[in-house]
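Sharing a model prediction with you, sequence too.
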Amino acid sequence: MKKNHYALIILGSGPAGLSAGLYAARARIDHLLIEKGAAGGQVLLTDWVDNYPGFPDGLSGFELIEKMEAQARRFGLNTLTANVVSTDLSQTTKSLTLEDGSQLTCQALIICTGARPQRLEVPGEIELTGKGVSYCATCDAPFYRDMHVAVVGGGNTAVQEAGHLTKFASRVTLIHRRDTLRATKIVQEKAFANKKIDFIWNSQVTGIEGEKGVERIQLRDNDGHETTLAVDGIFILIGVIPNSEMLPLALLKAEYGGFIPTDNETRTAIPGVMAAGDIRSKEMRQIVNAAGEGATAVLAAEQYLNHLTL
Amino acid sequence: MASDKVQAIDDAAFTTVISSDVPCLVDFWAPWCGPCKAIGPVIEDLAEEYKGKVTILKMNVDDNPATPGKYGIRAIPTLILFKSGEIVDQITGAVGKKQLVDLISKAL
């Protein structure tokens, strides 16, 4: 028989969700992890992970997720593939509505819905997505063998993935709106040493053009000068926006466009609701944080559940 | 996606298969693409649900460079819906099931 109530539901299957799943399964908590597709999250967009402790040679984001999932499954992780479209978190029993209209309920909820790439919001971007506009260098780099591509952004993702793109593209132009990069020093040093990467500073992309695919982009520098750059593709890696559309943002006191503030134990403003990973309002969005927060959230959930049954 | 539930197609068979008046959804993917893996279970579900009504196929773009080149595919996963050899519509990225159902409905 299909069960529709759980002590704990974990929403999302990136590193935070899988870590929460591992801890919940090992703690023998009556749980369900809801994943949208296969496990993953934004880690899947990462070519190579060099900063997750325990893997001295690094590994791909894909491999890391496979290992995390296998580890949680070993302890009996219980999953459902479904898309949650809305949530009612105003009562002690929380209710989640799925895309097919069915409902699931739980006492405690851990939100690990993560974030997704931010769009530039310029003309041509949506029309040419998949035809030269990309948000995933790992996925699409091999289509740009011996071509010239632009990368937009100055953070770790943009600078690291610019390096990955040079394995295929003959030239990578990194476009950043400031005159210094935000990326970690070691990532910056690698990029500056890479002869295939050149930089356009203090400039923003104002438009993307092309007939069947991207042919050129329009740039404007901070003094207002406009130029055109011929490129075969453009990778937009300018940060993330939260996947929080299904959540009651006011109740959760969401900030910065949908990120969820929590205390140190990942507890949100709603009793029995925790948030972990990139959806949390915080400075550092790394895989290792997400995994740590997932574990913390399970402890907070367990304490909440114990308190309920007292 | 790499699954046995969704039939694979190659460059050689492509034109013949999509020429059918039975609508055909092709998932262009590669083993190194994480989002392609993420969308895999959804494609499997759809293949089951639309059995007999829509042919759902996958093409590994690493092994079959000609077809992705012909259709200007520069990002994966890309899903293209064909009917009688013509493109009805297409979508790129690890989208949700509802978006794919909406896509398929355009050929039914």
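The structure has been received and is ready for your questions.

residues contacting the closest residue to chain A within chain B?
Nearest residue of chain B to chain A, counting by Cβ to the nearest Cβ: residue B:34, 2.5 Å away. C-betas here are computed from N, CA, C, even on glycine. Listed by Cβ atoms under 8 Å, 6 or more residues apart in numbering or on different chains, the contact partners of residue B:34 are A:40, A:43-45, A:61-62, A:65, A:136, A:138-139.

Can you add secondary structure and neighbour count and give those back as JSON lines?
Shown next, in JSON lines, are the contacts of residue B:34 (DSSP: H, G, I helix; E, B strand; the rest coil; neighbours: other Cβ atoms under 10 Å in any protein chain shown):
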{"residue": "A:40", "secondary structure": "coil", "neighbour count": "30"}
{"residue": "A:43", "secondary structure": "helix", "neighbour count": "23"}
{"residue": "A:44", "secondary structure": "helix", "neighbour count": "25"}
{"residue": "A:45", "secondary structure": "helix", "neighbour count": "23"}
{"residue": "A:61", "secondary structure": "helix", "neighbour count": "22"}
{"residue": "A:62", "secondary structure": "helix", "neighbour count": "23"}
{"residue": "A:65", "secondary structure": "helix", "neighbour count": "27"}
{"residue": "A:136", "secondary structure": "coil", "neighbour count": "24"}
{"residue": "A:138", "secondary structure": "helix", "neighbour count": "22"}
{"residue": "A:139", "secondary structure": "helix", "neighbour count": "25"}
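
filter those by proximity to chain B?
Checking the contacts of residue B:34 against chain B by Cβ under 8 Å from any Cβ of the partner chain, the ones in range are A:40, A:43-45, A:61-62, A:65, A:136, A:138-139.

that older thread, tell me the one of the contacts of residue B:34 nearest chain B?
Using Cβ to the nearest Cβ, the contacts of residue B:34 come closest to chain B at residue A:44, 2.5 Å.

With residue A:177 as the reference, measure out to the nearest residue in space to that closest one that is not next to it in sequence.
The shortest distance from residue A:44 to any non-neighbouring residue, by Cβ to Cβ, 6 or more residues apart in numbering or on different chains, is to residue B:34 (2.5 Å). As judged by Cβ to Cβ, to the nearest Å, residue B:34 and residue A:177 stand 28 Å apart.

Ok, residue A:89 next?
With distances taken as Cβ to Cβ, residue A:89 is found 37 Å from residue A:177.

in what helix or strand does residue A:206 lie?
Secondary structure assignment for residue A:206, by DSSP states H and E: strand A:203-209.

and that strand, which strands flank it?
Here strand A:203-209 is paired, per DSSP bridges, with strand A:216-221 (antiparallel).

Residues in contact with the partner strand: which ones?
A:150, A:175, A:200, A:202-210, A:226-231, A:234.

Which of those residues are buried? Put it as a ChimeraX command.
This is how ChimeraX selects the buried members of the contacts of strand A:216-221, with burial counted by 16 or more other Cβ atoms under 10 Å in any protein chain shown:
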select /A:150,175,200,203,204,205,207,208,209,210,229,231,234
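
Quick check: next helix or strand after the least confident helix or strand in chain B by mean pLDDT?
For chain B, counting by mean pLDDT, DSSP states H and E, helix B:34-49 ranks last in confidence among helices and strands (a mean of 88). Using DSSP H and E, the next helix or strand after helix B:34-49 towards the C-terminus is strand B:55-60.

which other helices and strands contact the helix or strand following that following strand?
Remark: after strand B:55-60, the chain's next helix or strand is helix B:66-70, criterion DSSP H and E. The contact analysis (3 or more Cβ pairs under 8 Å, 6 or more residues apart in numbering or on different chains; DSSP states H and E) places helix B:66-70 against helix B:11-18.

And for the spatially closest residue to residue B:61 that is not a sequence neighbour, the neighbour number?
Take residue B:61 and drop its neighbours on the chain: the residue closest to it by Cβ to Cβ, 6+ apart is residue B:68, 4.6 Å away. For residue B:68, the neighbour count with other Cβ atoms under 10 Å in any protein chain shown is 21.

my guess is residue B:68 contacts residue B:62, does it?
No - the criterion here is Cβ atoms under 8 Å, and residue B:68 misses it with residue B:62 at 9.6 Å.

which one of residue A:89 and residue A:177 has more residues nearby?
Between residue A:89 and residue A:177, residue A:89 has the larger neighbour count (other Cβ under 10 Å), namely 21 against 17.

Now do the contacts for that one.
Listed by Cβ under 8 Å, 6+ apart, the contact set of residue A:89 reads A:109, A:247-248, A:251-252, A:270, A:273.

Could you rerun that using 10 Å?
Going by Cβ atoms under 10 Å, 6 or more residues apart in numbering or on different chains, residue A:89 touches A:95-96, A:109, A:111, A:247-248, A:251-252, A:268-273.

where's residue A:169 relative to residue A:117, distance?
As judged by Cβ to Cβ, residue A:169 and residue A:117 stand 19 Å apart.

My error: substitute residue A:285 in the last question.
The gap separating residue A:285 from residue A:117 is 12 Å, by Cβ to Cβ.

now do residue A:96
Shown here: residue A:96 relative to residue A:117, a distance of 25 Å by Cβ to Cβ.

Which one's more surrounded, those two?
residue A:96 (23 against 19).

Give me the pLDDT value at that one.
At residue A:96, the model reports a pLDDT of 98.

Am I right that it is in a strand?
Yes - checked against DSSP: H, G, I helix; E, B strand; the rest coil, residue A:96 lies within a strand.
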